[in-house]
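> Got a predicted model here, sequence first, then my questions.
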Amino acid sequence: MKKITLVLLFLLLLFSCSKKEVIDDKLIITATNFPCYDAARAVFGDKADIRMILPFGGESHSYEPTSDDIIRIMSSDLFIFTGGESETYVEKILSSLDDSVNTFALIDNVSILLIESEEGIIQSEEEEEEEVFDEHVWTSLSNEIEIISNLCEEAISLDPDNSSYYKANAEAYIERLSILRDSFQEIINNSERKTLVVTDRFPLACFAYEFGLDHIAAFPGCVAESEASAKTVASLIDYVKENNIPAVMHMELANTLLSEVVSQETGCKILEFNSCHNVSRRDGLAGVTYISLMEKNLDVLREALN
């Protein structure tokens with residue numbers, strides 16, 4: 001963080017003498033990660049220059065912004081971030097900015113906001129003195145609908161001349177999200193099981209809460225280290241065997257070694273559930289969206305719970 005502080009001091013001096021970048025008269029929107037980026041694309045469409053500072057395929061929990069990232073944030077009309085533990089650099093940057101940069105934090109724009117819990121987690125870090133919110137709020141479809149709706153209001157306040165455009169974009173996206181939410185609910189209502197078994201970090205607390213699912217997972221959602229202990233491996237193997245679990249899940253861009261060990265010992269399948277925290281470079285360049293990833297998750301969930 002010392003490096004960020006020194007960079008900020010230099011950039012503040014440099015930027016104080018310059019004007020905001022203008023790109024074809026478009027709004028400049030900067031997003032920290034994929035959920036923020038995708039929500040901005042859904043609402044602002046081609047009326048804004050939208051960029052994500054976390055590289056496709058990058059590790060969101062340990063990323064540190066470059067000087068170019070900081071300049072980009074300082075020149076933005078709107079800076080969208082999660083507001084969670086994986087973005088510790090954001091608070092440092094925001095404390096150095098004036099009020100000319102509007103901000104939008106996902107965790108401040110949702111109804112389902114949970115405290116990270118040890119329940120259902122096999123291998124946890126030492127307890128924190130302070131309670132920490134689960135930042136993966138977008139995994140709840142209801143939360144995502146609120147994010148899009150509130151971001152639409154933000155867009156209109158920034159650019160009232162295009163209010164009808166933003167409203168149309170938001171309404172169309174929310175309609176698709178509502179259909180997707182109903183599809184998940186239908187699968188869960190008709191499933192044989194109601195427990196997610198995750199051989200990985202567990203960033204799906206908001207998702208599980210929304211649909212009334214239980215979970216067994218190796219690690220908390222934002223744990224820095226995810227090397228499984230012998231106890232964790234044994235516990236997962238025993239649970240899968242005792243409950244005849246057909247498939248275990250890991251998250252996108254994850255190390256699958258633990259999944260493979262459990263599969264070899266139990267014969268269960270390995271499935272990938274995408275939490276949408278980030279996407280591979282290939283998928284990012286192909287234009288995948290939150291909705292397209294969640295649609296794939298429908299099939300994954302159907303197989304995992306039956």
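Received the coordinates, thanks.
> From now on I want contacts and neighbour counts done on CA atoms only, so please keep to that.
Will do.
> next SSE after the longest helix belonging to the chain?
In the chain, with assignment by DSSP state H, the single longest helix is helix 163-189. Toward the C-terminus, helix 163-189 is succeeded by strand 195-202 as the next helix or strand (DSSP states H and E).
> residues in contact with that next one?
Residues outside strand 195-202 that contact it (CA atoms under 8 Å, 6 or more residues apart in numbering) are 213-223, 226, 236, 247-251, 254, 258-259, 304-305.
> Can you flag the buried ones in those residues?
Buried subset of those (neighbour count, 16 or more other CA atoms under 10 Å): 215-223, 226, 236, 247-251, 258-259, 304-305.
> next one: phi and psi at Met52?
Backbone torsions of Met52, given as degrees, to the nearest 10, read phi -110, psi 130.
> count of neighbours near the residue lying closest to it once chain neighbours are set aside?
Nearest residue to Met52 in three dimensions, chain neighbours excluded: Ala31, at 4.7 Å (CA to CA, 6 or more residues apart in numbering). Using other CA atoms under 10 Å, the number of residues around Ala31 comes to 25.
> what does the model give Ala172 for pLDDT?
You'll see Ala172 listed with a pLDDT of 98.
> Contacts only, for Ile112.
Counting by CA under 8 Å, 6+ apart, Ile112 touches Val137, Ser140, Asn143, Cys206, Glu210.
> how would you label it: helix, strand or coil?
Following DSSP: H, G, I helix; E, B strand; the rest coil, the label given to Ile112 is coil.
> Can you tell me how far it is from Ala168?
25 Å (CA to CA, to the nearest Å).
> Next, the buried residues of the strand or helix carrying Ser292.
Using DSSP H and E, Ser292 sits in helix 290-304. Buried residues in helix 290-304, counted by 16+ other CA under 10 Å: Tyr290, Ile291, Leu293, Met294, Asn297, Leu298, Val300, Leu301, Arg302, Glu303, Ala304.
> what sits against the fourth one?
Contacts for Met294 (CA under 8 Å, 6+ apart) come out as Leu180, Asn274.
> Next one: it, what pLDDT does it get?
Looking at Met294, the pLDDT reads 97.
> And it, how close does it get to Leu305?
Distance, Met294 to Leu305, by CA to CA: 16 Å.
> Same check on the fifth one?
Per CA to CA, Asn297 is found 12 Å from Leu305.
> Ok, Asp283 next?
26 Å.
> and what of Pro160?
46 Å.
> same question, Leu258
Distance from Leu258 to Leu305, by CA to CA: 20 Å.
> got it, and Leu298?
Per CA to CA, Leu298 is found 11 Å from Leu305.
> Ile216 too?
13 Å.
> Can you report how many residues lie near Gln123?
21.
> in the longest helix of the chain, what's buried?
163, 165-167, 169-171, 173-174, 177, 180-181, 184-185, 187-188.
> Show me what the helix or strand containing Ile80 is packed up against.
Element membership for Ile80, per DSSP H and E: strand 78-81. Packing partners of strand 78-81 (3 or more CA pairs under 8 Å, 6 or more residues apart in numbering; DSSP states H and E): strand 27-31, helix 34-44, strand 102-105.
> Out of those, which is closest to Glu154?
With distances scored as CA to CA, the stretch of these nearest to Glu154 is strand 102-105 (8.3 Å).
> what stretches of the stretch 1-150 of the chain score poorly on pLDDT?
The model of the stretch 1-150 of the chain has pLDDT under 70 over residues 1-24, 98-99, 125-130.
> how near is Ala31 to Asp77?
Plainly put, Ala31 is 11 Å away from Asp77 if you go by CA to CA.
> actually Leu97, not the one I typed
Distance of Leu97 to Asp77, computed by CA to CA: 13 Å.
> For these two, indicate the residue with more neighbours.
Asp77 (19 against 13).
> dump the residue contacts of the residue found closest to the more buried one once you drop the neighbours it is linked to in the chain.
Take Asp77 and drop its neighbours on the chain: the residue closest to it by CA to CA, 6+ apart is Ile28, 5.2 Å away. Neighbour list for Ile28: Val22, Ala48, Asp49, Ile50, Ser75, Ser76, Asp77, Leu78 [criterion: CA under 8 Å, 6+ apart].
> Isn't Ala133 up against Leu106?
One correction, residue 133 is Phe, not Ala. No: under the criterion of CA atoms under 8 Å, Phe133 is not in contact with Leu106, lying 11.9 Å apart.
> of the two, who's got more company?
Neighbour tally, Phe133 and Leu106, criterion other CA under 10 Å: the higher count belongs to Leu106, 26 against 16.
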